[in-house]
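Enquirer: Provided below are the primary sequence and the corresponding predicted coordinates.
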Amino acid sequence: MKRWDVAVVGEIYADHVFSGFQRWPAPGEEVHADHYVRELGGGAVNTACALARLQRRVRLIGLIGEADRTWFETRLKGFGLSADGLRSDALNTGVTVSVSTAEDRSFYTYLGANRRLTELLDEATIRAELITARHVHFAMPLMADLAKRLFPLLHKAGCTTSLDVGFSPDWLRDPANRWTCRAVDYFFPNQSEAQVLTGDESAEAFRDWSSSMDIRHGVIKLGAAGAAAIVNGGLLRVAPPHVDAVDMTGAGDAFDAGFIDGVLNGESTENCLRRACICGALCTTRIGALEGLPDFSLLRSTYEHTYGP
């Protein structure tokens, strides 16, 4: 019996989310946001909170600045999450400024304490904690040498794994990281990230690349078109539910949580994709990455309304 359903590891940020822009500004031009939110952020926080909302036992592991610990403890508690897995660091918490329209978003980031994340994951106490989870999700550009030390340990302990590196072009272009893509059980790029890998943002190009790389389970996030998974050399596509999107921040991280939740349930790939698309779509209906995350009841009702019982 594992202590945790999921250990989520990755970069932790304080998010400053500006949304409701009608258009992107030209250089030197000022435009005004309709909304602003200060929130916990980073793919690790977003995915961990989404999984906790779905009643999963989640351990969040990362680094924050000591000055922000009380804020993190209070906010995470609202999702049923503990901050005990977050180490305090002398560096400030990382910061991301998210600027969104209804169609897309851009990010401006300061790494802060996240610079020490690789060092943290090499600690024996952290590795001992990771193997107590059924599934380990990495929301970070996991360096190849670290991956080669971690994955054999995790697989030996019976952990399944997933990876979402975010938009990290240098990582995606580095041939050394192909081993990591093959070693992880589930790889979750979006179209922009897949284009860096393949030179083409289409699901078909990602399918061909995944097949050539012997990727175990490749899943590509297609934005408003939903998502696709490579199954037996072909593409399995799923469309998302219709929603009125107001902010795209965190949608991909919520998608990851929905898919992982399905994996833990032993669902088919199609049902995992459906759960993922629902979580990603509902996340966009509120400002910021956390307020729109569905609980189990909303996920189930939306699933039945969209795809049938």
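Expert: Thanks, I have the structure now.
Enquirer: now do the same contact list for the closest residue to Ala44 other than its chain neighbours.
Expert: Nearest-residue entry for Ala44: Gly10, 3.2 Å, with adjacent residues in sequence omitted and distances by Cβ to Cβ, 6 or more residues apart in numbering. Just so you know, the C-beta spots here come from the backbone N, C-alpha and C atoms, and that holds for glycine as well. Shown in contact with Gly10 (Cβ atoms under 8 Å, 6 or more residues apart in numbering): 42-44, 47, 62, 117, 137-140.
Enquirer: list the buried residues in the lowest-mean-pLDDT helix or strand in the chain.
Expert: Ranked by mean pLDDT, DSSP states H and E, the weakest helix or strand in the chain is strand 105-110, scoring a mean of 85. Buried residues in strand 105-110, counted by 16 or more other Cβ atoms under 10 Å: 105, 109.
Enquirer: helix or strand right after that strand?
Expert: Sequence order places helix 117-121 as the next helix or strand after strand 105-110, per DSSP states H and E.
Enquirer: and that next one, what other elements does it pack with?
Expert: In this structure, helix 117-121 makes packing contacts with strand 58-65, helix 144-156, judged by 3 or more Cβ pairs under 8 Å, 6 or more residues apart in numbering; DSSP states H and E.
Enquirer: what ranges does the protein have for its strands?
Expert: Secondary structure of the chain by DSSP state E: the strands cover 4-10, 13-19, 35-41, 58-65, 86-89, 94-100, 105-110, 133-139, 160-163, 186-187, 219-221, 227-231, 234-238.
Enquirer: now do the same contact list for the most centrally placed residue in the chain.
Expert: The centroid of the chain falls nearest to Asp253 when counting by Cα atoms, centre = their mean (3.0 Å). For Asp253, the contacting residues are 43, 46-47, 50, 139, 164, 283, 289, by Cβ under 8 Å, 6+ apart.
Enquirer: swap the cut-off to 10 Å and go again
Expert: If a contact means Cβ atoms under 10 Å, 6 or more residues apart in numbering, then Asp253 has 8, 10, 41-50, 137, 139, 164, 166, 188, 279-280, 283, 289-290, 293 as its contacts.
Enquirer: leaving out chain neighbours, which residue sits closest to it?
Expert: Asp253 sits nearest to Asn46 (Cβ to Cβ, 6+ apart), 3.5 Å away.
Enquirer: do the same with Glu204
Expert: Closest residue to Glu204 apart from its sequence neighbours, by Cβ to Cβ, 6+ apart: Leu235 at 6.9 Å.
Enquirer: is it true that that neighbour touches Gly226?
Expert: No. Counting by Cβ atoms under 10 Å, Gly226 is not a contact partner of Leu235; they are 11.5 Å apart.
Enquirer: quickly list what's touching both of these two.
Expert: Between them, Leu235 and Gly226 share the contacting residues 203, 220, judged by Cβ under 10 Å, 6+ apart.
Enquirer: who's more crowded, these two?
Expert: Higher neighbour count among Leu235 and Gly226: Gly226, with 21 against 15, using other Cβ atoms under 10 Å.
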